[in-house]
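Q: Got a predicted model here, sequence first, then my questions.
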Amino acid sequence: MSVPTLASPESAGMSTAALNRLEAHLKTRYIESGRFPGTQLLIYRRGKVVHSTVQGFADLERKVPVKDDTIFRIYSMTKPITSVAFMMLVEEGRVAIDEPVAKYIPEWKNLGVFVAGTAPAFLTRPPSRPMLIVDLLRHTSGLTYGFQQRSNVDAAYREKKIGEVIKAGTLDGMIADLAKIPLEFSPGEAWNYSVSTDVLGYLIGKISGMPFEQFLKERIFKPLGMNDTDFFVPAEKAHRLAACYSADPQGGFNPLAAERKGTLTLQDDPATSSFLSPPSLISGGGGLCSTSADYLTFCRAVINGGELGGVRLLGPKTLKLMASNHLPGGVDLPAMSRSMFSEAAYNGIGFGLGFAVTMNPAQTMIAGSPGEINWGGAATTSFFIDPAEELITIFMTQVLPSSAYPLRREVRTMVYAAITESNL
């Protein structure tokens, strides 16, 4: 796969001084203050890498610096990759997004909607319509995450350890467990961040006839040369895996905690991490590790209409469909969201098929462009792709949860501020 050209920011209509200001901001506000161990920032514009920097440590305890090839847990940045993989099957005519999920998961045919009660004695009602595959892609399925901590349904997820940062069980087991837990709401009636994308991974395996992880490897990672992206880090690359830290006082993953220590607790030691061996549960919603360079390769294929270096994942019309707002009635997330936590800001943001989509930059109150797609991961990794400005930004660190600090807003604001020649 072709390596992108390294060039000055000015050659692509951006400002070196403004990007240096962003790096200084990361250093003083986050690294020197002890909030982040280290950072990596990669910016690509008009076909060139115009900014590629690392600061601080990948492993504070062993004083290992962040390097260009550091491997990060990307958690929910797995979701766009899984969604693209699923749409490859759609393009092949093997599945359609308006089909009922129960066609492929028969044991879900009689899933009810929560009314009252606790596990296992839930009182439910029938949904107003069946769950469709599009509901999985856009998080309107009625599924949830246990860490939302809003309802008795969330509590049932926590009891079964469904969709947790530290994975347990198997994908088949998760599907079986979900058959016994009611939906939060009738499909299509609300938006709720959920394990929906894990279910897509299960469906990819079932429809393609090969294990989900094998499909990703053979159809996306190997063709694109994404050699450092996988559901685990092999022994020969273990020294490149970053440590993961928590900003939470208890040292875990609590996206709703108001109190932050301002210092870091080691959450996952790279010497003993579960990511060093193949997991029993292959999570299409949050299981991948990757590098900035590999994720840039994926984003370049997306911004290029589904093709890179002669390898085509999807057609441009399918990607256009994915990057359109699919929330019913064309509303934005605040109009539909029941989620206590998500990886996106809300106002002016819709949701497509696997990505958040900027609809109205003025309502977001952050500089941007209509049609920009983005998402992030639990350990504060994030990316955004702005096709109109020919811009890709990838940010990496390893601090749980991503809601601890307003980092994403700051990075977006300062990256857009660095544009000196707008395409719009």
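A: Done, it's in. All figures in this text were calculated on a predicted structure; none of them were measured in a lab.
Q: where does the stretch 201-350 of the chain dip in pLDDT?
A: Along the stretch 201-350 of the chain, the parts satisfying pLDDT under 70 run over 257-259, 261.
Q: hmm, try it at 80
A: Low-confidence segments of the stretch 201-350 of the chain, defined by pLDDT under 80: 249-252, 254-262, 340-341, 344-346.
Q: what does the helix or strand hosting residue 25 contact?
A: Using DSSP states H and E, the element containing residue 25 is helix 16-25. Outside of helix 16-25, the residues within contact range by C-beta atoms under 8 Å, 6 or more residues apart in numbering are 8-10, 41, 43, 50-51, 53, 55, 410-411, 414-415, 417-418. C-beta here means a position set from N, CA and C on the backbone, and glycine is covered the same way.
Q: Now that we have the residues you listed, which of them are buried?
A: Among these, those classed as buried by 16 or more other C-beta atoms under 10 Å are 9, 41, 43, 50-51, 53, 55, 410-411, 414-415, 418.
Q: What's the per-residue pLDDT of residue 147 here?
A: At residue 147, the pLDDT value in this model is 88.
Q: Tell me, how many residues neighbour the closest residue to it other than its chain neighbours?
A: Nearest non-adjacent residue to residue 147, counting by C-beta to C-beta, 6 or more residues apart in numbering: residue 255, 6.0 Å away. The local packing of residue 255 (other C-beta atoms under 10 Å) involves 20 other residues.
Q: Residue 255 is in contact with residue 149, isn't it?
A: No: at 9.1 Å, residue 255 and residue 149 do not qualify as touching, with contact defined as C-beta atoms under 8 Å.
Q: Next, check the contacts of helix 16-25 against the strands and list the overlap.
A: Counting by DSSP state E, these place 41, 43, 50-51, 53, 55 in strands.
Q: okay, those in TSV with pLDDT next?
A: Listed next are the ones in strands among the contacts of helix 16-25 as TSV, based on pLDDT from 0 to 100:
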residue	pLDDT
41	98
43	98
50	98
51	98
53	98
55	98
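Q: For residue 177, state which of these is nearest.
A: Lowest distance from residue 177 to those (C-beta to C-beta) belongs to residue 41, with 38.9 Å.
Q: out of the contacts of helix 16-25, who's nearest residue 197?
A: Closest to residue 197, out of all of the contacts of helix 16-25 and judged by C-beta to C-beta, is residue 411, at 23.6 Å.
Q: Look up the closest residue to that closest one, ignoring the ones flanking it.
A: Spatially, and ignoring its direct neighbours in sequence, residue 411 is nearest to residue 395 (5.5 Å; C-beta to C-beta, 6+ apart).
Q: just checking, the one you found touches residue 40?
A: Yes: Residue 395 lies in contact with residue 40 (C-beta under 8 Å); the separation is 7.3 Å.
Q: more neighbours, the two?
A: When neighbours are counted by other C-beta under 10 Å, residue 40 comes out ahead of the other of residue 395 and residue 40, with 25 against 22.
Q: That one and residue 325, how far apart?
A: Distance of residue 40 to residue 325, given as C-beta to C-beta, to the nearest Å: 30 Å.
Q: about what we covered before: now the phi/psi pair for the residue nearest to residue 147, please.
A: Residue 255 has phi and psi values of phi -70, psi -10 when expressed as degrees, to the nearest 10.
Q: The closest residue to residue 56 other than its chain neighbours: how many residues sit nearby?
A: Sequence neighbours aside, residue 38 is the residue nearest to residue 56 in space, at 2.8 Å (criterion: C-beta to C-beta, 6+ apart). Using other C-beta under 10 Å, residue 38 has 25 neighbouring residues.
Q: Residue 38 contacts residue 31, doesn't it?
A: Yes: checked against C-beta under 8 Å, the pair residue 38 and residue 31 is within contact range at 6.4 Å.
Q: returning to what we had before: please enumerate the shared neighbours of residue 255 and residue 149.
A: Common contacts of residue 255 and residue 149, defined by C-beta under 8 Å, 6+ apart, comprise residue 340.
Q: mind listing the helices for the stretch 301-424 of the chain?
A: Applying DSSP state H, counting those that start in this stretch to the stretch 301-424 of the chain gives helices spanning 316-322, 333-336, 361-364, 407-417.
Q: now the strands for the stretch 151-300 of the chain?
A: 244-246, 265-268, 289-290 (DSSP state E, counting those that start in this stretch).
Q: helices or strands next to the second one in the packing?
A: Judged by 3 or more C-beta pairs under 8 Å, 6 or more residues apart in numbering; DSSP states H and E, the packing partners of strand 265-268 are strand 244-246.
Q: overlap in contacts of residue 38 and residue 31?
A: 55-56.
Q: circling back: can you redo the strands of the stretch 151-300 of the chain as a markdown table with distance to residue 231?
A: Formatted as a markdown table, the strands of the stretch 151-300 of the chain follow (distance: least, C-beta to C-beta, whole Å):
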| stretch | distance to residue 231 |
| --- | --- |
| strand 244-246 | 16 |
| strand 265-268 | 15 |
| strand 289-290 | 7 |
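Q: need those in a markdown table with mean neighbour count, can you?
A: Shown next, in a markdown table, are the strands of the stretch 151-300 of the chain (neighbours: other C-beta atoms under 10 Å):
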| stretch | mean neighbour count |
| --- | --- |
| strand 244-246 | 24 |
| strand 265-268 | 18 |
| strand 289-290 | 25 |
